[in-house]
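# sequence and predicted structure are below.
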Amino acid sequence: RLAGKQAELCQTEPDIVQEVAKGARLGVRECQHQFRFRRWNCTSHSKYFGRILQQDIRETAFVYAITAAGVSHAITQACSMGELLQCSCAATRSRAPPLPTAGPGAEGSAWEWGGCGDDVEFGYEKSRQFMDAKRKKGKSDIRTLIDLHNNEAGRLAVRSYMRTECKCHGLSGSCTLHTCWKKMPHFREVGDRLLERFNGAFKVMGANDGKTLLPVGRSIKPPDRQDLVYSADSPDFCAANRKTGSPGTRGRVCESAAPGVSGCDLLCCGRGHRAETLV
């Protein structure tokens, strides 16, 4: 069910909502790529996926973050492609880009902002409006605080890692002028970065003020805005269980010699496996 702000956006900005849907699908595909070798493989089967979203475990944190990131990325890209009337390329910056310290054009060349930079601020804001609509800021329940935090971590995984691209101008490759613009990171980079955050996610509890998340364990530093947070331990995901959202690992393909998460020992949960040799 759509929240009030989401329903309003559907009526007033249907083209934006189309990009929201594209971004959500982008996020799910990236989630499935990142978890393809793990016990929980980010299945989109409604029987299990919905249950994951109702919990406060690490996997839920990743889903919220990668979805918010996907929405921000898709809307920003649509702006740059001229597919939305509400936005276009990012406005030219007033501050000059830094001079190169090495390479062609390091000395005696001029720089200026130009080209078609990605308007990540527009994508960030529309993602925030839509994704945070169901979780009202000011509510003191820990679930709301966690979901809003992970949504923000996902958006920042896009916005905080913009890269500068430049084009060289000049006769015979002299590079007397550089035109530069800002581009988003590739979404695979966003997924890789959020998986690192998943691996180092913080288990948290609510503070007495009802507005702050505190790490469980006094010696641990508080999570920052780009960290993923959760409050409940994950199930082992070995057996199928609709209640926990676990599809189980029976029938999955594993790598017999792999020592990591894709190895048969971990993926098969000690139940043994059948080896096949493909010629």
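Structure's in. What do you need?

# flag the helix or strand of the protein with the lowest per-element mean pLDDT.
None of the helices or strands of the chain scores lower by mean pLDDT, DSSP states H and E than strand 110-113, at a mean of 58.

# what residues of the helix or strand following that one count as buried?
Counting by DSSP states H and E, the element after strand 110-113 in chain order, helix or strand, is helix 120-131. When neighbours are counted by 16 or more other CB atoms under 10 Å, the buried residues of helix 120-131 are found to be 120, 122-124, 126-131. Placement of C-beta: from N, CA and C, glycine included.

# show me what helix 120-131 is packed up against.
Packing partners of helix 120-131 (3 or more CB pairs under 8 Å, 6 or more residues apart in numbering; DSSP states H and E): helix 4-12, helix 14-34, helix 58-80, helix 142-159.

# in contact with residue 227, which residues?
Neighbour list for residue 227: 153, 197, 200-202 [criterion: CB atoms under 8 Å, 6 or more residues apart in numbering].

# most widely separated two among these?
153 and 200 (11.7 Å; CB to CB).

# identify the contacts common to those two.
The contact sets of residue 153 and residue 200 overlap at 227-228 (CB under 8 Å, 6+ apart).

# pick out whichever of those two has more residues nearby.
Shown here are residue 153 and residue 200; by other CB atoms under 10 Å, residue 153 has more neighbours (28 against 10).

# so the more buried one makes contact with residue 225?
Yes. Residue 153 is within contact range of residue 225, at 6.5 Å (criterion: CB atoms under 8 Å).

# surely residue 185 and residue 163 touch.
Yes. With contacts counted by CB under 8 Å, residue 185 reaches residue 163, the gap being 6.5 Å.

# more neighbours, those two?
Higher neighbour count among residue 185 and residue 163: residue 185, with 21 against 12, using other CB under 10 Å.

# strands of the stretch 101-250 of the chain, start to end?
110-113, 163-169, 177-183, 202-206, 213-215, 229-230, 240-241, 246-247 (DSSP state E, counting those that start in this stretch).

# so what's the closest residue to residue 122 other than its chain neighbours up against?
Distances taken as CB to CB, 6 or more residues apart in numbering place residue 87 nearest to residue 122, at 4.5 Å, with adjacent residues excluded. When contacts are counted by CB under 8 Å, 6+ apart, residue 87 touches 79, 119, 122.

# below-threshold pLDDT in the protein: ranges please.
1-3, 91-115, 136-140, 172-173, 219, 258-259, 279 (pLDDT under 70).
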